[in-house]
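Participant: Coordinates for the following, if possible.
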Amino acid sequence: MEDYKIYSQASANGMPDNICSFLCAQARHETGNYKHRFYTIGKNAFGYSYVKGAKWQLDKGGSNADNGVPIAQYASVENSVNEICDWIRRRQKEGKFTSNLANLTLQQYCKLLKDNGYYQAPLSEYTNATLAHFNKLPADLKKKHPVTSLICPHCGKLVK
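Facilitator: Modelled structure (predicted):
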């Protein structure tokens, strides 16, 4: 159910099918399959930190993350999706994300996230975890975007 909410909201935000699918996999990774307390309590699907006055966040922070920063809370998962879609668009306007999202692979998407400071984990770790979640998505949410390559944690190259 949550995957469909995320996919639909990303699509409503104008994201191409591949990004909608990638966001579902990313949310599964970030939330531990929607079981993490940051998601169950605050509908935070992407691990966002609380920012006072942020457009989509509730006006209160949630529990602190491991880094001591309060986690954002949302009225709905759709608002969490709106926030990440806005984040992607800002990076596009800054020239830090490609303007043609429809041609990105999952690996390229994860690299863009990393290059823009979205996560601190090693690229291969984040990509491989997100890939594992992508492969578990319902077939109708993967559309025409089969993704099967892992990234080698040692050399950073794609492994079939």
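Participant: so what pLDDT did residue 13 get?
Facilitator: Looking at residue 13, its pLDDT stands at 97.
Participant: how many neighbours does residue 1 have?
Facilitator: 7 (other Cβ atoms under 10 Å). In this view, the C-beta of every residue, glycine as well, is placed from N, C-alpha and C.
Participant: give me every residue that touches residue 104.
Facilitator: Residues near residue 104 by Cβ atoms under 8 Å, 6 or more residues apart in numbering: 18-19, 22, 98, 112.
Participant: now swap in residue 47 and tell me
Facilitator: With contacts defined as Cβ under 8 Å, 6+ apart, residue 47 is in contact with 30, 38, 65, 71, 119.
Participant: and it, helix, strand or coil?
Facilitator: Three-state assignment for residue 47 (DSSP: H, G, I helix; E, B strand; the rest coil): coil.
Participant: the strands in the chain, which residues?
Facilitator: 150-151, 158-159 (DSSP state E).
Participant: returning to that earlier point: out of the contacts of residue 104, who has the most neighbours?
Facilitator: residue 22 (28 neighbours).
Participant: Surely it is in contact with residue 134?
Facilitator: Yes: proximity of residue 22 to residue 134 meets the contact threshold set by Cβ atoms under 8 Å, at 7.0 Å.
Participant: any residues in contact with both of those two?
Facilitator: Counting by Cβ under 8 Å, 6+ apart, the residues touching both residue 22 and residue 134 are residue 106.
Participant: re earlier: any chance of the contacts of residue 104 in CSV, plus distance to residue 104?
Facilitator: Shown next, in CSV, are the contacts of residue 104 (distance: Cβ to Cβ, whole Å):
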residue, distance to residue 104
18, 6
19, 7
22, 8
98, 7
112, 7
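Participant: from these, which has minimum pLDDT?
Facilitator: Least confident by pLDDT among those: that is residue 98, with 91.
Participant: In the protein, spot the helix with the most residues.
Facilitator: Counting residues, the longest helix found in the chain (DSSP state H) is helix 77-93.
Participant: Give me the contact list for that one.
Facilitator: Counting by Cβ under 8 Å, 6+ apart, 2, 5-6, 9-10, 13-15, 19, 23, 27, 43-46, 48, 54-57, 72, 74, 97-99, 101, 112, 116, 118 sit against helix 77-93.
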